[in-house]
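> coords please:
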Amino acid sequence: MAFYDGLIETLGLTDWCGEADAGGGGPLTMAELLARANGGGADGEDPATPLMDTPFPSLDTLHQSCEAIPRTRDVTEMVEQGFLGIKDGLRLVLDPLTEPLGWLLDASLSGFEATPWFIMIPLLMALTWFAARSVSVLALVTFSFLFMAMINHYDEAIQTLSIIFVCTIFCVVLGVPIGIAMSKSNTLQRISIPILDMLQTLPTFVYLIPLIFLFSVTESKLYGIAIILYAIVPVIRLTDLGIRLVDKDVIEAADAFGMSNWQKLTGVQIPLALPNIMAGINQTIMMSLAMVVIASLVSAPGLGRLVLRGINNLELGVGLVAGFCIVLLAVLLDRATKAALGRINSSEQ
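Residues are numbered from 1 along each chain as shown. Below you'll find the model as predicted:
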């Protein structure tokens, strides 16, 4: 006997529900199977259910009294079928748009791997010195890569760095203009904030689910899109914030000099907002690195693959050492970008 039969009759929904037996209309749920195994009916309900044990009127519970009410399984299947219905059209649009991302990821990976270590490490040292001008940061970068090379994790670290390099560029190229547009339009900001909140709070694994259905796991753009969607949020938010925080008196002075909107943006607002933009880029790099590890589940190369191997094969040492290298890579990227941000802040004063 279903618990909410009386409620359905009181509301006059009996004719709408139909005369079919409760619990029919498809495979049984796990609760129904357990109830039947324990000697109960297919509906899984005891007619003498105590008041304190009253079940919540969820879809599955109401379906036992009225088959016209869909079950949770029916809702999730409807979502799945809806996505599969638009999959081909969506892929037709996304394929040409995302093809450059796949090309750049593959080209960058090939270029980083083809460059000998005795050229790559000095290049990274030179880039670090150019950006940070800090002896301590330079020493950290040098020691980190030499250490990873000594333990034969250099190739994986370079692969991870290559992916972060390309995805960060895409995040900046896409995120900064979006942040600028948001700073110029309150309406666009109100529309964008819920979307950014959703992207920032979705579990990292959820990004991979629709992409697996859209692209082959052998395509590098699959994990590239997931990384960009996850990591682009900070640079958009902080670009918007930085431009909005530019002193109004400075804008009025620029107007008094007859500057056009483009001149104000490039000559006044972006330079003054640069510390915030750089802080957003720093956070984007950190989030890209975090997502690279998750993306190893869909064939992303690098240190994340070693972590996944350690989990799958229960190789404790492999997983811990690869995890330590990821932390080391995160620290040196964080220190380098923060040192560069400190240089920008000091030049602004």
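> return the backbone torsion pair for Ile243.
Dihedral pair for Ile243: phi -70, psi -40, per degrees, to the nearest 10.
> correct me, but it touches Ala181?
No: if you go by Cβ atoms under 8 Å, Ile243 and Ala181 don't touch, sitting 10.0 Å apart. Every C-beta, even on glycine, is put in place using the N, C-alpha and C of the backbone.
> more crowded one of these two?
Neighbour totals were compared for Ile243 and Ala181, and Ile243 leads with 23 against 16 (other Cβ atoms under 10 Å).
> which of the helices or strands spans the closest residue to the more buried one other than its chain neighbours?
Spatial nearest neighbour of Ile243, chain neighbours left out: Ser183 (3.8 Å); criterion: Cβ to Cβ, 6 or more residues apart in numbering. Following DSSP states H and E, the helix or strand that holds Ser183 is helix 154-184.
> buried residues in that helix?
Buried residues in helix 154-184, defined by neighbour count with 16 or more other Cβ atoms under 10 Å: 154-168, 170-172, 175-176, 178-183.
> for this protein, where's the lowest mean pLDDT among helices and strands?
Within the chain, no helix or strand scores below helix 30-37, which has a mean of 56 by mean pLDDT, DSSP states H and E.
> give the rounded mean pLDDT of the very next helix or strand once past that one.
For helix 30-37, the following helix or strand on the C-terminal side (DSSP H and E) is helix 59-63. The average pLDDT within helix 59-63 is 83.
> before we move on, back to that, could you report the pLDDT at the residue nearest to Ile243?
With respect to pLDDT, Ser183 scores 92.
> quick revisit: now for the helix holding Ser183, which elements pack on it?
Using 3 or more Cβ pairs under 8 Å, 6 or more residues apart in numbering; DSSP states H and E as the contact criterion, the elements in contact with helix 154-184 are helix 72-114, helix 135-150, helix 186-201, helix 220-231, helix 233-244, helix 270-295, helix 303-312, helix 316-348.
> the inter-axis angle of the second one versus helix 316-348?
By that I understand helix 135-150. Orientation check (axes from the mean of the first three to the mean of the last three Cα atoms, to 10 degrees): helix 135-150 against helix 316-348 gives 160 degrees.
> quick one: which of the helices and strands packed on helix 154-184 is nearest His63?
The closest of these to His63 is helix 72-114. By Cβ to Cβ, the value is 8.4 Å.
> that closest one packs against which elements?
The contact analysis (3+ Cβ pairs under 8 Å, 6+ apart) places helix 72-114 against helix 59-63, helix 154-184, helix 204-214, helix 220-231.
> CA atoms of the last one as PDB?
Yep, that's helix 220-231 we're talking about. C-alpha atoms of helix 220-231 as PDB (Å, rounded to 0.1, in the frame of the first residue of the first chain):
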ATOM      1  CA  SER A 220      43.300  17.200 -26.400                       C
ATOM      2  CA  LYS A 221      40.700  19.900 -26.600                       C
ATOM      3  CA  LEU A 222      38.400  17.800 -24.400                       C
ATOM      4  CA  TYR A 223      40.600  18.500 -21.300                       C
ATOM      5  CA  GLY A 224      41.600  21.900 -22.600                       C
ATOM      6  CA  ILE A 225      37.900  23.100 -22.600                       C
ATOM      7  CA  ALA A 226      37.400  21.700 -19.100                       C
ATOM      8  CA  ILE A 227      40.500  23.500 -17.800                       C
ATOM      9  CA  ILE A 228      39.500  26.800 -19.400                       C
ATOM     10  CA  LEU A 229      35.900  26.700 -18.100                       C
ATOM     11  CA  TYR A 230      37.100  25.900 -14.600                       C
ATOM     12  CA  ALA A 231      40.000  28.400 -14.500                       C
END
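> show me what it is packed up against.
Judged by 3+ Cβ pairs under 8 Å, 6+ apart, helix 220-231 is in contact with helix 72-114, helix 154-184, helix 204-214, helix 270-295.
> angle of the first one against helix 220-231?
Going back to what we said before, that points to helix 72-114. Angle, helix 72-114 to helix 220-231, by the same axes, to 10 degrees: 110 degrees.
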